[in-house]
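Trainee: Need the 3D shape of this:
(chains A, B, C and D)
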There are 2 protein chains.
Amino acid sequence: MKLEEAKQQFIQNWGVLGSQWGINRTMAQIHALLLVSPDPMSADDIMSQLQISRGNTNMNVRDLMDWGIVDKVLKPGERKEFFVAEKDIWTVAMRIIKERKRREVEPILNAMDQLKDIEGAKNDKEAKMFVDTITDIQKFANQASKAVDGLTKMDEHWFTGTLLKLFK
Amino acid sequence: MKLEEAKQQFIQNWGVLGSQWGINRTMAQIHALLLVSPDPMSADDIMSQLQISRGNTNMNVRDLMDWGIVDKVLKPGERKEFFVAEKDIWTVAMRIIKERKRREVEPILNAMDQLKDIEGAKNDKEAKMFVDTITDIQKFANQASKAVDGLTKMDEHWFTGTLLKLFK
DNA sequence: ATTTAGTTTCAGAAATATTTGAAAGTTCGG
DNA sequence: CCGAACTTTCAAATATTTCTGAAACTAAAT
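Mentor: Numbering: from 1, shown residues only, chains lettered A, B, ... in the order given. The predicted structure follows:
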């Protein structure tokens, strides 16, 4: 297989994976493109490689920067802005998981606190069961959250070394 | 707050969370409804509670059963089929994560093997970098995969006890 | 101050994903 | 075997998400 062909396929695959997990296809594709690009790319480079509009490019690159997995770089003497992806895959994964937790999971878990304040929950058996279910979900989420916070602090070596052995 | 109102809000929230993570809103809502329902529900019960069509109900309930987090139960003497959700949240989370890995992540990782077979990769520096990137992603995914397999075998108690302490 | 190179925004268009509902299929009881 | 009760399927309708492109904006260079 030719290098260019392989890159294209990788970009497509990454796009599919992203969209299955609720990340917009183009954002994932731009990320893939930057991941396998040896040099920083301009908005125009991205547009022509992926055949997408300037507006789309701009919005998704900005989102990727908000996620902390793409950075803007300036080349001396050039007016254009260029972009590079964080290349360490562990760092990428941790940033994504941390951000999603913060943006999507935490707000809903917080909203659930209110749901536990049910009229007459002391007596009503059904109400008690409901509150228990909510509480279980919150407990679980808090455990998972702490686990993620812990993982975030590790470096890759610790993961491959110590943690993996636990799971063998 | 009234119990019914709280249930409705929980169902809505669960639906939003699901759709953000690439799970169709209705499937998540049906799951939420069954999670907080003390008794098994028929397709008709689900339809009227969530105001959705029979076809939609049927398809999404079947999907939930494919995921292994909802079961069909038959009441003696009744012709209708009833459904219940797995109530243990740890089990639910593990089933979901395991299935998604199997269905969505593994096929793409396997497809990536082919991408490493690049013409002239021995000499070309850029080709070598590309192969390295793919290899890093595969390595990371394999580690994560093993970690998930390990988690799946634990019971909840082990998790809350031992593992959590590691991350404190 | 004006031109030029570049970036950002956002309303409407296009693409995707989900839902409906009616017809076809199944299964049980008599 | 037939009809009633229930489930499944899927083409078409609907809803949601994403993308485009042109106009507005910004800032550097002349």
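
Trainee: Look up how far B:Gly68 lies from the residue nearest in space to the middle of chain A.
Mentor: Centroid-nearest residue in chain A: A:Ile96, 2.6 Å away (criterion: Cα atoms, centre = their mean). Computed as Cβ to Cβ, to the nearest Å, the A:Ile96 to B:Gly68 distance reads 26 Å. Where C-beta positions appear, they are placed from N, C-alpha and C, glycine not excepted.

Trainee: ok, A:Leu109 touching A:Gln143?
Mentor: No: with contact defined as Cβ atoms under 8 Å, A:Leu109 does not count as touching A:Gln143 (12.0 Å).

Trainee: got the phi/psi numbers for the nearest residue to the residue nearest to the centre of chain A once chain neighbours are set aside?
Mentor: Sequence neighbours aside, A:Trp67 is the residue nearest to A:Ile96 in space, at 6.5 Å (criterion: Cβ to Cβ, 6 or more residues apart in numbering or on different chains). Phi and psi for A:Trp67, reported as degrees, to the nearest 10, are phi -80, psi -10.

Trainee: Where does pLDDT dip in chain A?
Mentor: A:155-168 (pLDDT under 70).

Trainee: Which positions in it make contact with DNA strand D?
Mentor: A:19, A:24-27, A:51-56, A:59-60, A:79 (Cβ under 7 Å from any atom of the strand).

Trainee: which of the residues you listed count as buried?
Mentor: Using 16 or more other Cβ atoms under 10 Å in any protein chain shown as the burial test, the residues of chain A next to DNA strand D include A:19, A:25-27, A:56, A:60 as buried.

Trainee: Tell me who's in contact with A:Pro40.
Mentor: A:73, A:75, A:82-84 (Cβ atoms under 8 Å, 6 or more residues apart in numbering or on different chains).

Trainee: which of the residues you listed are close to DNA strand C?
Mentor: Answer for the contacts of A:Pro40 near DNA strand C: none qualify (Cβ under 7 Å from any atom of the strand).

Trainee: which of these has the most neighbours?
Mentor: A:Phe83 (22 neighbours; other Cβ atoms under 10 Å in any protein chain shown).

Trainee: in the helix ranked longest in chain A, what's buried?
Mentor: Of all segments of type helix in chain A, defined using DSSP state H, the longest is helix A:125-153. Buried residues in helix A:125-153, counted by 16+ other Cβ under 10 Å: A:127, A:129-131, A:133-134, A:136-138, A:140-141, A:143-145, A:147-148, A:151.

Trainee: and the angle from that helix to helix B:125-153?
Mentor: 140 degrees (axes from the mean of the first three to the mean of the last three Cα atoms, to 10 degrees).

Trainee: Please state the offset of helix A:125-153 from the chain centre?
Mentor: 21 Å (Cα atoms, centre = their mean, to the nearest Å).

Trainee: Name all residues that make contact with A:Ile69.
Mentor: A:31, A:85-86, A:91-92, A:95-96.

Trainee: 6 Å instead, please
Mentor: By Cβ atoms under 6 Å, 6 or more residues apart in numbering or on different chains, the contact set of A:Ile69 is A:86, A:92, A:95.

Trainee: between those residues, which has the most around it?
Mentor: A:Val92 (20 neighbours).

Trainee: tell me which residues of the helix or strand harbouring that one are tucked away?
Mentor: Element membership of A:Val92, judged by DSSP states H and E, is helix A:89-100. By neighbour count with 16+ other Cβ under 10 Å, helix A:89-100 contains the buried residues A:89-90, A:92-94, A:96, A:98, A:100.

Trainee: ok, now stretch A:32-41?
Mentor: A:32-37, A:40-41.

Trainee: Distance to B:Gly120 and secondary structure added to those, as JSON lines?
Mentor: What follows is these, written out as JSON lines (distance: Cβ to Cβ, whole Å; DSSP: H, G, I helix; E, B strand; the rest coil):
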{"residue": "A:Ala32", "distance to B:Gly120": "22", "secondary structure": "helix"}
{"residue": "A:Leu33", "distance to B:Gly120": "22", "secondary structure": "helix"}
{"residue": "A:Leu34", "distance to B:Gly120": "24", "secondary structure": "helix"}
{"residue": "A:Leu35", "distance to B:Gly120": "21", "secondary structure": "helix"}
{"residue": "A:Val36", "distance to B:Gly120": "17", "secondary structure": "coil"}
{"residue": "A:Ser37", "distance to B:Gly120": "19", "secondary structure": "coil"}
{"residue": "A:Pro40", "distance to B:Gly120": "25", "secondary structure": "coil"}
{"residue": "A:Met41", "distance to B:Gly120": "23", "secondary structure": "strand"}
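
Trainee: which SS state does A:Asp71 fall under?
Mentor: strand (DSSP: H, G, I helix; E, B strand; the rest coil).

Trainee: Excluding sequence neighbours, find me the nearest residue to it.
Mentor: Per Cβ to Cβ, 6+ apart, closest to A:Asp71 is A:Val84, 5.6 Å.

Trainee: same deal with A:Ala28?
Mentor: Leaving aside its chain neighbours, A:Ala28 sits nearest to A:Gly18 (2.7 Å; criterion: Cβ to Cβ, 6+ apart).
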